[in-house]
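Q: sequence below, structure please.
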Amino acid sequence: MKHTLSVLVEDEAGVLTRIAGLFARRGFNIESLAVGPAEQNGIARITMVVPGDDREIEQLTKQLYKLINVLKVQDITEVPCVERELMLMKVNATSSNRTEIIELAQIFRARVVDVGDDSLTLEVVGDPGKMVAIVQRLSRFGIREIARTGKVALVRESGVNTEYLKVQQARV
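A: Sure thing, here's the model as predicted:
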């Protein structure tokens with residue numbers, strides 16, 4: 001199972017290196033990593049997607065807390081969250097299929113950010129499922145390049161689980 005960890009750390013040189021070293025020593029892979037300033041000066045938030053079972057993630061959390069600059073570790077996998085990712089995708093686009101690609105992009109609320117003679121570059125923002133879906137839809141045109149930021153997430157203060165609501169609406 002993939003777990004999403006939200007880690008608050010002191011924003012100092014070498015913190016990310018120590019965390020990555022811990023993961024490497026334990027044989028864990030980080031599938032997605034996003035780092036940036038948090039709401040407070042001198043604090044950074046690291047959002048990671050890590051494969052592992054509950055016991056492994058619990059051990060990893062304990063090991064993270066042993067690192068000096070780690071302030072808080074939260075497994076937000078099962079917690080209602082707002083999750084987003086940014087992806088830039090360059091797609092082959094000829095004059096005959098350009099309109100179709102733009103129409104598909106509009107369905108996913110993607111924006112065209114660059115137009116070349118034989119390509120379009122799209123900006124897509126959304127949850128990770130949306131990223132997979134648009135790549136599947138546009139792969140038949142030929143995808144030249146993809147750059148993704150990795151997932152960022154914050155716990156929903158409302159406590160509303162939108163994934164649960166989507167399942168319920170699909171049943172109706």
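
Q: could you list the domains of the chain?
A: 2-75, 81-153 (automatic domain parsing).

Q: what about L16, which helix or strand?
A: Using DSSP states H and E, L16 falls within helix 15-26.

Q: from the contact counts, what lies against that helix?
A: Packing partners of helix 15-26 (3 or more Cβ pairs under 8 Å, 6 or more residues apart in numbering; DSSP states H and E): strand 2-10, strand 43-51, helix 54-66. In this view, the C-beta of every residue, glycine as well, is placed from N, C-alpha and C.

Q: for that helix, what is the average pLDDT?
A: Helix 15-26 shows a mean pLDDT of 92 in the predicted model.

Q: strands paired with the helix or strand following it, and their directions?
A: On the C-terminal side of helix 15-26, the nearest following helix or strand under DSSP H and E is strand 32-37. Strand pairing for strand 32-37, using DSSP bridges, gives strand 43-51 (antiparallel).

Q: starting at the chain centroid, how far to the strand it pairs with?
A: 10 Å (Cα atoms, centre = their mean, to the nearest Å).

Q: just the buried residues of it, please?
A: A44, R45, I46, T47, M48, V49, V50 (16 or more other Cβ atoms under 10 Å).

Q: where does the chain have low pLDDT?
A: 162-172 (pLDDT under 70).

Q: and for P37, the neighbour number?
A: Residues lying near P37 (other Cβ atoms under 10 Å) number 11.

Q: check the gap between the closest residue to it other than its chain neighbours and Q136 for me.
A: Leaving aside its chain neighbours, P37 sits nearest to A44 (5.8 Å; criterion: Cβ to Cβ, 6 or more residues apart in numbering). A44 is 33 Å from Q136, where distance means Cβ to Cβ, to the nearest Å.

Q: who's in contact with the residue nearest the centre of the chain?
A: By Cα atoms, centre = their mean, the chain has its centre lying nearest to K151, at 1.6 Å. Applying Cβ atoms under 8 Å, 6 or more residues apart in numbering to K151 gives the contacts T4, S32, A34, T47, V49, E83, R84, E85, P128.

Q: gap between the helix or strand encompassing L86 and the chain center?
A: Element membership for L86 (DSSP H and E) is strand 81-92. Chain-centre distance of strand 81-92: 8 Å, with Cα atoms, centre = their mean.
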